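Visitor: Quick one: sequence plus predicted model below, questions after.
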Amino acid sequence: MNSTKYWIALEQSHGIGPAHMIEIHSALKKSGLSLADLIGLTADELRKEFQFHEKISEALAGLESVLPKVEDDYLKLLESGIDVVPFFSELYPSRLADVLGNALPPLLYVCGNASLLGQKGVAILGDRDVSDRGEMISFNAARELSRHAMTVISGFAQGADLIAHRAAIVSGGTTVAFVPYGIFHLKVPDILKDVIDLERMAIISPFYPNREPNKYNAFIRNKIICALAYAVYIVEAPAEGGIFEAAKSAHNLKVPLFTTQYTEFPKNASGNSKIMDELGGVPVLGKMENDMLMPNMDKIIGTVKFG
């Protein structure tokens, strides 16, 4: 039996977090049962059979009452061709589990090629109001990564994010985009409409399908991006805000961190120096290629391949 909708309902149950879901899955795996097999059991029965503590037992006992609340959304996911990838699926990226542990997003809602989650990738992040120079850097950085068969990972915002995704696709590469809202709110931006190829792209939400976008979601999304990436390249970051917080996440998660070194920093790259000075970000300099100044991605590529 496909128990995906039961796991969706469980995540929506009061007081249940990723660590609880991991514990429940471990117990079920040992017993050879599925989550659906627990429907109808009382909290007392669950405690006696599995030694779950009270919070988990109560949530599982109440799961049957949560199911109707997710049923319509689950059917809509099926009709839309959205894949739901739970943390125990073979498609779920082991990288997220390794880096985030019990804080991993337990369910990923994927539009496109879910197998791309398992490929080595580099995050390219930058301010929504990236400079003209930053746009060129984002595009050329993504193109260079694609040449080396590395997946580009980013958000889905205007500016550096969408430029990086477009560059990866037109260069024949692959790309993974994380959105800060439920997948039902997804709209393909104009910049991607003429190139989008869902065989070479995955658009992912770690949030319940109808969840509205908000600033807090964006911070969570950026942390997940950093955890999935084998290196994080911040093209341009203001001195505070979401992109600088993403750099902090990369630093705290011990993911190799890089940022653009400008001779004169654009307005929205005022945080780049702080990333280098305070967070140990490695500077990305320019190199001449066919009479054009390009971002030198050699250290990033070397770190991912051999680090």
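Guide: Noted; the coordinates are in hand. Numbering: from 1, shown residues only.
Visitor: neighbours around Glu11, how many?
Guide: If you count neighbours by other Cβ atoms under 10 Å, Glu11 ends up with 19. Any C-beta I mention is one placed from the backbone N, CA and C, and that applies to glycine too.
Visitor: need the contact list for it.
Guide: By Cβ atoms under 8 Å, 6 or more residues apart in numbering, the contact list for Glu11 reads Met21, Pro106, Leu107, Tyr208.
Visitor: 6 Å - rerun?
Guide: Pro106, Leu107 (Cβ atoms under 6 Å, 6 or more residues apart in numbering).
Visitor: State the distance from it to Leu63.
Guide: Computed as Cβ to Cβ, to the nearest Å, the Glu11 to Leu63 distance reads 11 Å.
Visitor: Please report the distance of the spatially closest residue to Ile163 that is not a sequence neighbour from Gly126.
Guide: Closest residue to Ile163 apart from its sequence neighbours, by Cβ to Cβ, 6 or more residues apart in numbering: Ser138 at 4.5 Å. Noted for Ser138: a distance of 6 Å to Gly126, by Cβ to Cβ.
Visitor: repeat for Pro18
Guide: In terms of Cβ to Cβ, Pro18 sits 29 Å off from Gly126.
Visitor: And for Ala231?
Guide: For Ala231, the distance to Gly126 - Cβ to Cβ - is 15 Å.
Visitor: Ala202 belongs to a helix?
Guide: No: secondary structure of Ala202 (DSSP: H, G, I helix; E, B strand; the rest coil): strand, not part of a helix.
Visitor: Look up the residues forming beta bridges with it.
Guide: On the basis of DSSP bridges, Ala202 is bridged to Gly112, Val176.
Visitor: That one: how many residues sit nearby?
Guide: Ala202: 25 surrounding residues under other Cβ under 10 Å.
Visitor: go on, the one 10 residues further on?
Guide: The criterion is other Cβ under 10 Å. On that basis, Glu212 has 10 neighbouring residues.
Visitor: and it, helix, strand or coil?
Guide: Counting by three-state DSSP, the backbone at Glu212 sits in coil.
Visitor: let's have the chain start at 26 instead
Guide: Yep, numbering from 26; the last one is Glu237 now.
Visitor: and it, what pLDDT?
Guide: Glu237 carries a pLDDT value of 95.
Visitor: What helix or strand is Leu133 located in?
Guide: For Leu133, the enclosing helix or strand under DSSP states H and E is strand 132-137.
Visitor: Name the residues of the helix or strand following that strand that come out as buried.
Guide: Going down the chain from strand 132-137, the next helix or strand is strand 146-151, by DSSP H and E. Buried residues in strand 146-151, counted by 16 or more other Cβ atoms under 10 Å: Gly146, Val147, Ala148, Ile149, Leu150, Gly151.
Visitor: Likewise for stretch 213-229?
Guide: With burial defined by 16+ other Cβ under 10 Å, the residues of stretch 213-229 counted as buried are Leu217, Ile221, Arg225, Met226, Ala227, Ile228, Ile229.
Visitor: Surely the last one is in contact with Asn138?
Guide: Going back to what we said before, that points to Ile229. No: with contact defined as Cβ atoms under 6 Å, Ile229 does not reach Asn138; the gap is 10.6 Å.
Visitor: what residues are up against the residue nearest to Ile188?
Guide: By Cβ under 6 Å, 6+ apart, the neighbours of Ser163 are Ile149, Gly151, Ala185, Ile188, Ala189, Val260.
Visitor: let's see 8 Å
Guide: Ser163 sits next to Ile149, Gly151, Val155, Gly184, Ala185, Ile188, Ala189, Ala192, Val260 when contact means Cβ under 8 Å, 6+ apart.
Visitor: follow-up on the earlier one: show me what the strand holding Leu133 is in contact with.
Guide: Applying Cβ under 8 Å, 6+ apart, the contact partners of strand 132-137 are 32-33, 36, 102, 105-112, 117, 139, 142, 207-208, 211, 223-224, 226-232, 234.
Visitor: same thing with stretch 222-230?
Guide: 133-139, 141-142, 181, 190, 193-194, 197-204, 206-208, 211, 236.
Visitor: hang on, the earlier thing: pretty sure the residue nearest to Ile188 sits in a strand.
Guide: No: Ser163 is assigned helix when assessed by three-state DSSP, not a strand.
Visitor: how close does it sit to Ser274?
Guide: Ser163 sits 19 Å away from Ser274, going by Cβ to Cβ.
Visitor: just for the stretch 126-275 of the chain, where's the confidence low?
Guide: The stretch 126-275 of the chain contains no residues with pLDDT under 70.
Visitor: all strands for it, in order.
Guide: Secondary structure of the stretch 126-275 of the chain (DSSP state E, counting those that start in this stretch): strands located at 132-137, 146-151, 176-179, 200-203, 226-230, 256-261.
Visitor: Output the ones you listed in a markdown table; the columns should cover distance to Gly267.
Guide: A markdown table is the format used below for those (distance: least, Cβ to Cβ, whole Å):
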| stretch | distance to Gly267 |
| --- | --- |
| strand 132-137 | 20 |
| strand 146-151 | 9 |
| strand 176-179 | 13 |
| strand 200-203 | 13 |
| strand 226-230 | 17 |
| strand 256-261 | 11 |
